[in-house]
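Peer 1: sequence unknown, structure follows:
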């Protein structure tokens, strides 16, 4: 056991944390939604935040992305260049613009009346406004603005290719199938140039073929752009297939933290998902091992 613990500690030490959540707590009136939560997400990894309904996952996301101000705790984002940001002190706009953190939502929030391409251009609004001198240079058609506008189209087309949507570029976003809308939302987030991408249940409502396309897109984002990903997900087939690191919450507290294999075999995780009490965990594990032909 000591050898295993030391090995885990050594592997953790060699990783580079992009996000550190330290003693995070979030209270809504008399409800403690998050209670003294600490975990790290590592650069270049896909980290999954999972747990039963009501565990506090979305509350954590809202704290990380600036939509909520936590009651207590620190959330530190460290960019590749070494610059650090205390996210709990920033607005959602500043978290995206300055710290380079992007997110999607549980409910799709596309501009359904705009084309697929236009949705990705809107995501680059801040860059285009700056290049236009906040409208003046754009109205005059200055070369610097024209160059920035052309680059924004190139970026949009790049991510449409990645999301397998280039053939639908001129179609209204609202006309896309549900799974394609999910991929478009992720592509739109990537057009902001994030170092850290937060995805709130990206596989929700997807069929197996659409889930496979999503997995391929997320792997491609990690491999080709180096963007680190934090996702909330209920689909365990997606979590176990693509995640490097899994953090499990129950009632706002962390009950497990490690590799997918470690987490899926953790008695506390099994008990949480089956809805049994702590003193029944051993009995549940014995039953599972009996059905699987012994311990693993």
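Peer 2: Structure's in. What do you need? Remember, it's a predicted structure, so these values are computed and weren't measured experimentally.

Peer 1: Spell out, range by range, the strands that occur in the chain.
Peer 2: For the chain, strands defined by DSSP state E occupy the ranges 17-28, 31-42, 46-50, 72-78, 84-86, 101-103, 196-200, 228-232, 245-250, 253-258.

Peer 1: in its sheet, what does the fifth one sit against?
Peer 2: Which is strand 84-86. strand 72-78 (antiparallel) (DSSP bridges).

Peer 1: and if you look at the second one?
Peer 2: The strands that strand 31-42 pairs with in its sheet are strand 17-28 (antiparallel) (by DSSP bridges).

Peer 1: Contacts for the strand it pairs with, please.
Peer 2: Here strand 17-28 makes contact (Cβ atoms under 8 Å, 6 or more residues apart in numbering) with 32-43, 56, 59-60, 63-64, 68, 70-78, 195-196, 228, 230, 252. Placement of C-beta: from N, CA and C, glycine included.

Peer 1: Distance from the chain centre to that strand, please.
Peer 2: 15 Å (Cα atoms, centre = their mean, to the nearest Å).

Peer 1: follow-up on the earlier one: which of the contacts of strand 17-28 are buried?
Peer 2: 32-35, 37, 39-43, 56, 59-60, 63-64, 68, 70-71, 73, 75-78, 195-196, 228, 230, 252 (16 or more other Cβ atoms under 10 Å).

Peer 1: Contact partners for residue 178?
Peer 2: 108, 205-206, 210.

Peer 1: got the contact list for the spatially most central residue of the chain?
Peer 2: Central residue of the chain (Cα atoms, centre = their mean): residue 198, 2.4 Å from the mean position. By Cβ under 8 Å, 6+ apart, the residues touching residue 198 are 61, 64-65, 101-104, 229-231.

Peer 1: Over to residue 171?
Peer 2: With the criterion set at Cβ under 8 Å, 6+ apart, residue 171 makes contact with 115-116.

Peer 1: I'd like to know which of the strands of the chain is closest to residue 151.
Peer 2: Closest approach to residue 151 among those is made by strand 101-103 (18.4 Å; Cβ to Cβ).

Peer 1: need the contact list for the nearest residue to residue 26 once chain neighbours are set aside.
Peer 2: Leaving aside its sequence neighbours, residue 26 sits nearest to residue 34 (Cβ to Cβ, 6 or more residues apart in numbering; 4.2 Å). Residue 34 is in contact with 24-26, 56, 59-60, 63, 70, 252, counting by Cβ under 8 Å, 6+ apart.

Peer 1: what's the closest of those to residue 187?
Peer 2: When those are compared against residue 187 (criterion: Cβ to Cβ), the nearest one is residue 60, at 24.3 Å.

Peer 1: need the helices for the stretch 51-200 of the chain, in chain order.
Peer 2: 57-64, 92-97, 116-122, 125-131, 136-140, 143-162, 178-190 (DSSP state H, counting those that start in this stretch).

Peer 1: so how far is the last one off the chain centroid?
Peer 2: Helix 178-190 has its average C-alpha position 13 Å from the chain's average C-alpha position, going by Cα atoms, centre = their mean.

Peer 1: quick one: contacts for the residue nearest to residue 120 when sequence neighbours are not counted?
Peer 2: The shortest distance from residue 120 to any non-neighbouring residue, by Cβ to Cβ, 6+ apart, is to residue 156 (3.6 Å). Shown in contact with residue 156 (Cβ under 8 Å, 6+ apart): 117, 120-121, 124, 191.

Peer 1: In the stretch 51-200 of the chain, where is pLDDT below threshold?
Peer 2: 126-145 (pLDDT under 70).

Peer 1: Try it again at 80.
Peer 2: Within the stretch 51-200 of the chain, the stretches with pLDDT under 80 are 125-149.

Peer 1: Filter the contacts of residue 198 down to the buried ones, PyMOL style.
Peer 2: Listed next is the PyMOL selection for buried residues among the contacts of residue 198, using 16+ other Cβ under 10 Å:
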select buried, resi 61+64+65+101+102+103+104+229+230+231
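
Peer 1: mind putting the contacts of residue 198 in TSV, distance to residue 262 included?
Peer 2: Putting those into TSV (distance: Cβ to Cβ, whole Å) gives the following:
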residue	distance to residue 262
61	23
64	23
65	27
101	27
102	29
103	27
104	27
229	19
230	18
231	18
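
Peer 1: with the contacts of residue 198 in mind, which one is nearest to residue 48?
Peer 2: Distances from residue 48 to these, taken by Cβ to Cβ, are shortest for residue 231, at 5.5 Å.

Peer 1: How about that closest one, nearest residue that isn't a chain neighbour?
Peer 2: Residue 231 sits nearest to residue 199 (Cβ to Cβ, 6+ apart), 4.2 Å away.
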